[in-house]
Structure formats: C-alpha cells, structure tokens
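Engineer: here's a sequence, model it:
(2 chains)
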Amino acid sequence: MIKNLGVQLYSIRDYIKTAEDIRLSFKKLKDIGYSEVQTAGSGEISYEEMAEIAKECGIKVQGTHYKYSTMLEDLEKTVREHKALGTNLCGVGGGMRYMGTTREGVESYIKQVNKLADRLYEHGLKFTYHNHHREFNRLDGEDISIMDMLVEGLNPEKTSFVLDTFWVATAGGDVCQWIEKLKGRIDIIHLKDRGFTTVDYGAPDERGRLIQLDYKEIGKGNLNWDGIMKACEKAGVKYYCVEHDDYFIDNDPFKSLKVSADFLKKYMRGIENDR
Amino acid sequence: MIKNLGVQLYTIRDYMKSAEDIRSNFKKLRELGYTEAQTASSGEVSYEELAEIAKECGIAIQGTHYDMDIMENDLEKAVREHKALGTTNCGIGGFWNLNTPEETKAFIKRANDIADRLFEHGIKFTYHNHSHEFKKIDGNISSWDMLVDGLNPEKTSFVLDTFWAANAGADPIYWIKKLAGRIDILHLKDKGYTTARHVTQDNEIILEITEVGSGNLNWDGIIKAAGETGVKHYCVEQDRNFLSGDPFESLDVSAKFLKKYM
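Structural biologist: All right, here's what the predicted structure looks like:
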C-alpha cells in the first residue's frame, strides 16, 4: 500500500528553474496528488532555498539524485545540503560511465562507493543507486551482469537501490523478481511504465527496435502493477516515486503525472483500510 | 519441465532453400538437441515433402505459422497440409492491423470463424504475438486484452512469445498464468544485450533478441509457470543477432542453457 506518493523532479525539470517556478510547480504537484519529491538538482537556487519552498508547500523530500563528484570532493557540503532537505537518502542517477563493462571497472566503482557510503553513513546518510538498463549488460566475457555485481558488492547496510521499474523491464528483467531479490534494500522505488507512446505505431527500424515503446503514464503501459505493488510491500519499500522522463500528454508533464497519480490511487491507503 | 525442445524454423530460414538443405539442417538441429519444429513456411518444397524429411530426421512438427488467407479460402488445403505435417496447431505469426477496437473486433470474428471450421477437422487456430498487440487502444484496454477476451478458448490457443511480451513491458509470467490452459506452444526468446554488442552512433548498446539464457528474462520463473499451466510445446525462436552470424551456433547456446529444465 502506498502511503505518500512522490515524484522525481526530473519529470518537471523545465518547470523548476527559479524560486517562483518551483513554488508554483510544487503547489501544482500537491494539487494532483503528490506530497513527496526526489530532487534532480536544485535549478537556479540553492538546496537550502529549495528545502524552504518544499516545506512551505507541504512537500517532503524523499531523497536526491545528487552529483557524485560533489559527494566525493565535498562531503561537508553534501551532508549540509541533505540535512537542509531533510532526507538521509543521497543518491546518484547512475554510475555506468564510471564503471564501463569490465570486471576491474565495476569492482573499483563498488569499492569507491562503499568507501564513500562509509563516510556518508557517519553523518546518518545512505548512498542510493538508481539503475538504468545498461546495468543489465553482462561483464565482458562473463555470464554475470553489472547489476548482479552491484547487488553483490554494495554494502547493504549503508547503501540502497532506487530500483527503476521501467529500466528493469526495458532490459528484459523481471521487475517483481528484482524487487524480491532486493528485499530490504530498496528505500525508494521508481514507478515508471513502459508501453506504446502516443506516436503512431510504425514498422520496426532496421535493427528491429520498436522505437515507439517508451515511457508511459503509470497504468497506460504494460507493467504488472498489481504484482509490483505486492512485491514492494513484501520487500519493505519505503518511498514510491513516479518518474516520467519524456513523451508527455500534450507535452505537459503535469498532465501525465496526474494520470499516473490517478491510476495509483487504488494502491494508496483509503479510509476503509484505516479501520 | 521441458520434455522435447522445439525450434521455430524462421530461425534458420536461410538454410531451407532445397530439400537437401532442409534434410542436412534438420539433422543439425537434432544434433543440437532439437526434436521438434514449428514451421514458418515450407520453403521451396511442399508441406508434404517437408513432412517427409522431418519424419526421416526424427523431427516432430509442433505447429505452423501458416497463411490466414489459405485457412479462410482453401480450408481443404490447410487441413490436408496440417494432416501431412502431423500437427493440430494451425497458426499465424501475427496480425498487424489491430490499431483500433473495431479492427481488433473484426479480426477476432474472422479468427473465431476460421477456428470453428478448422476445429471440425480437429485443428486449433493459434495466435503468435509481437509487441504491437500490447498497445492500449481503448482506455487502458490493449488489443491483446481484447484477443484474450474474445478468441474462443476451446478452439484457439496462444503461442506466447516471451521476448515480444517483455519488450512491450509486459510480464511474461503474469501472462502465462493468466492464459493457463490456453498456450499450446511457448516461444522461448530472450531479451538482453546482444553478444554482437551493436553500438550505434550515439554509443547506445542495443537491447535485442538474444540466445535463451544470455539475456535477462526470468527463465526459472517462466519455465515453472509454463509447467504449472499446461504448456505443451516449447519452441526456441531467434529472429536475428546470431553468434558469428550463424543461427545454429545461437541455437546451440540456447539448447545448452535449457538443458537444466529438461
């Protein structure tokens, strides 16, 4: 059961440039059913100022997609900004460019992240990793995927996964199975559907890709949401975060986010369940 | 548990040009561990001749991907050729015009009519999916939902394609369970980064059809669900992206991976 619905702010990246923009957009989010957010930068203002606006609008910050280099080079700033935001989940949107697909590359990234997670943890913060599809690539010459390596190597106590349902499905992964596998290790789940976009269906391209299959409002694609929600509950997922990268209804991310929120209502605690 | 492993002959379409070709390549399939085949066409020979060669090589025919127009307009021929092949599964590889509820309803009616006529001869109509059926065409209803709802469960069955379902974002295990008793043939096809490692100009590595076990589908879960829901035939299909450009090499890898389920 989803208690509070969140949104990854990347979805409305074009509407959070200035303080005034952010205030307006946060209010809009509240109106359509979102009471939590995960950040993706702070636009033109400081995280401290963003935190103020969020508070004022009744929006809680679930976690961040933060700059990896800042975490490494300026721990003090990282900790300060996360404290200001009121979240202990300090994450990256991905790390493939640091890893590559060799065993050495992936192992050295895992080592670096675990060291960083140790330092963050001293300040009460957890490092979070958000996957795309590329993590489901096998290591060069081996039968193990990069995702398998991360699951095996990252410290389960001081890191957690922001599992992205769309990207797992895109890679052919079984979303429910991955949620079960990561039991206790997903603080935030990214809810993102995969289906046919409003672009008309055409023939596959020369590589056979059906390019019209892409991000969809939750419920408008084909992911098994009943199964996913059940698995999340069993796995102890704390925060639910809708992310919609592109292909919005009438090019308006708020319209798409509203459709997603409306669909997800059935998974939210209703009055009848509180009795 | 897979009893006999099959292959969709579309996988080796370039190796079936003559009777001699077919014979030597069916023998190759046997050596790799395949004892069943689903036809994609009969190539340069007649279905009767194809059936002879299959028999001679110890390959049983699971079913066909056949021509819907022949089923409709020349039932006698369709029945005769399926009897010759020794299969009761007469199917199509897919139907493309399912873009609206009206189109889909019209197709369902046509397919059910054909299925009625085939069933009088002991033959079932089978439908093999791609991804386009998973497009939502009526609110949250997809043409796939309509097919599942509308096709006669007694006289038709689904050839569920694991890759194309997963490609659409659908959960193959969910659909195998939902279609319990309605899948006679399951198409085993994996989705993952190909061994060919196609890299495009924008440096994107292509997620594609790959050997079973080399991609990311949940095979333990899929085979278990298939066993529990009465799937009769298992059929490996790989459309493209072969190891060293050789479909037999890819089929070998898939068969070896699937051994643990046999």
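
Engineer: only C-alpha atoms from now on, for both contacts and neighbour counts.
Structural biologist: Fine.

Engineer: hang on, B:Asp220 in a helix?
Structural biologist: Yes: using DSSP: H, G, I helix; E, B strand; the rest coil, the secondary structure at B:Asp220 is a helix.

Engineer: which residues touch it?
Structural biologist: The neighbours of B:Asp220, taking C-alpha atoms under 8 Å, 6 or more residues apart in numbering or on different chains as the test, come to nothing; the list is empty.

Engineer: got it, and the one 10 residues further on?
Structural biologist: Counting by C-alpha under 8 Å, 6+ apart, B:Gly230 makes contact with B:Ala180, B:Gly181, B:Ile183, B:Asp184.

Engineer: return the closest of the residues you listed with respect to chain A.
Structural biologist: For chain A, the closest of these turns out to be B:Ala180, at 17.0 Å, with distances computed as C-alpha to the nearest C-alpha.

Engineer: so the closest one makes contact with B:Lys232?
Structural biologist: No: B:Ala180 is not in contact with B:Lys232 according to C-alpha atoms under 8 Å; the separation is 11.2 Å.

Engineer: who in the stretch 101-250 of chain A is up against chain B?
Structural biologist: Applying the criterion C-alpha under 8 Å from any C-alpha of the partner chain, the portion of the stretch 101-250 of chain A that neighbours chain B consists of A:136-138, A:143, A:166, A:169-174, A:177, A:193-196, A:201, A:209, A:213, A:219-224.

Engineer: looking at those residues, which are in strands?
Structural biologist: Among these, the members falling in strands are A:Asp193, A:Arg194, A:Gly195, A:Phe196, A:Leu213 (criterion: DSSP state E).

Engineer: tally of neighbours for the first one?
Structural biologist: The one in question is A:Asp193. 30 (other C-alpha atoms under 10 Å in any protein chain shown).

Engineer: if we can go back for a sec, tell me which of the ones in strands among the residues of the stretch 101-250 of chain A next to chain B is nearest to B:Ala54?
Structural biologist: Using C-alpha to C-alpha, A:Leu213 is the member of those that lies nearest B:Ala54, at 38.5 Å.

Engineer: quick check: pLDDT value at the closest one.
Structural biologist: According to the model's per-residue confidence, A:Leu213 sits at a pLDDT of 80.

Engineer: distance check, it against A:Cys90.
Structural biologist: Here the criterion is C-alpha to C-alpha, to the nearest Å. By it, A:Leu213 lies 31 Å from A:Cys90.

Engineer: the chain: helices as residue ranges?
Structural biologist: The chain I'm using is chain A. For chain A, the helices defined by DSSP state H occupy A:19-31, A:47-57, A:68-73, A:75-85, A:96-99, A:103-122, A:146-153, A:165-170, A:175-181, A:225-235, A:253-264, A:271-274.

Engineer: chain B, not that one
Structural biologist: Secondary structure of chain B (DSSP H): helices located at B:19-32, B:47-57, B:68-73, B:75-85, B:101-119, B:143-150, B:162-167, B:172-178, B:219-228, B:247-258.

Engineer: most tightly packed of the ones you listed?
Structural biologist: Ranked by average neighbour count under the criterion mean count of other C-alpha atoms under 10 Å in any protein chain shown, those are headed by helix B:162-167 at a mean of 26.

Engineer: touching, B:Leu151 and B:Asn112? I think so.
Structural biologist: Yes: because the distance of 6.2 Å satisfies C-alpha under 8 Å, B:Leu151 is recorded as touching B:Asn112.

Engineer: just name the shakiest helix or strand of chain B by mean pLDDT.
Structural biologist: Here the helix or strand of chain B ranked lowest by mean pLDDT, DSSP states H and E is strand B:207-210, holding a mean of 88.

Engineer: could you tell me how many residues sit around A:Asp140?
Structural biologist: A:Asp140 sits with 14 neighbouring residues when counted by other C-alpha under 10 Å.

Engineer: likewise for B:Lys260?
Structural biologist: 10.

Engineer: and it, how far from B:Leu5?
Structural biologist: The gap separating B:Lys260 from B:Leu5 is 12 Å, by C-alpha to C-alpha.

Engineer: rewinding a little: who wins on neighbours among the ones in strands among the residues of the stretch 101-250 of chain A next to chain B?
Structural biologist: The most crowded member of these is A:Asp193, carrying 30 neighbours; neighbours defined as other C-alpha under 10 Å.

Engineer: quick one: contacts for it?
Structural biologist: By C-alpha under 8 Å, 6+ apart, the residues touching A:Asp193 are A:Thr165, A:Phe166, A:Tyr215, A:Lys216, A:Glu217, A:Ile218, A:Gly219, A:Lys220, A:Gly221, A:Asn222, A:Leu223, B:Gly169.

Engineer: might you report the residue contacts of the residue lying closest to A:Ile16 once chain neighbours are set aside?
Structural biologist: If you skip the residues right next to it in sequence, A:Ile16 has A:Ile22 as its closest partner in space, 4.5 Å away by C-alpha to C-alpha, 6 or more residues apart in numbering or on different chains. The contact partners of A:Ile22, taken as C-alpha under 8 Å, 6+ apart, are A:Tyr15, A:Ile16, A:Met50, A:Ile53.

Engineer: starting at the chain centroid, how far to the least confident helix or strand of chain B?
Structural biologist: In terms of C-alpha atoms, centre = their mean, to the nearest Å, the gap separating the centre of strand B:207-210 from the centre of its chain is 16 Å.

Engineer: just to revisit the earlier point, among the ones in strands among the residues of the stretch 101-250 of chain A next to chain B, which one has the lowest pLDDT?
Structural biologist: Checking pLDDT across these, the minimum falls on A:Leu213 at 80.

Engineer: can you list the residues of chain B near chain A?
Structural biologist: In this structure, chain B approaches chain A at residues B:132, B:134-136, B:140, B:163, B:166-171, B:174, B:190-193, B:207-208, B:214-218, judged by C-alpha under 8 Å from any C-alpha.

Engineer: among these, name the buried ones.
Structural biologist: Using 16 or more other C-alpha atoms under 10 Å in any protein chain shown as the burial test, these include B:132, B:134-136, B:163, B:166-171, B:190-193, B:207-208, B:214-218 as buried.

Engineer: give me every residue that touches the nearest residue to A:Asn4 once chain neighbours are set aside.
Structural biologist: Leaving aside its sequence neighbours, A:Asn4 sits nearest to A:Ser35 (C-alpha to C-alpha, 6+ apart; 6.3 Å). When contacts are counted by C-alpha under 8 Å, 6+ apart, A:Ser35 is found next to A:Asn4, A:Leu5, A:Gly6, A:Leu29, A:Gly58, A:Ile59, A:Lys60.

Engineer: from A:Leu85, how far off is the last one?
Structural biologist: Read that as A:Lys60. Between A:Lys60 and A:Leu85 the distance, using C-alpha to C-alpha, works out to 8 Å.

Engineer: ok, those two, which is more surrounded?
Structural biologist: Legend: neighbour count by other C-alpha under 10 Å for A:Lys60 and A:Leu85, higher for A:Leu85 (23 against 20).
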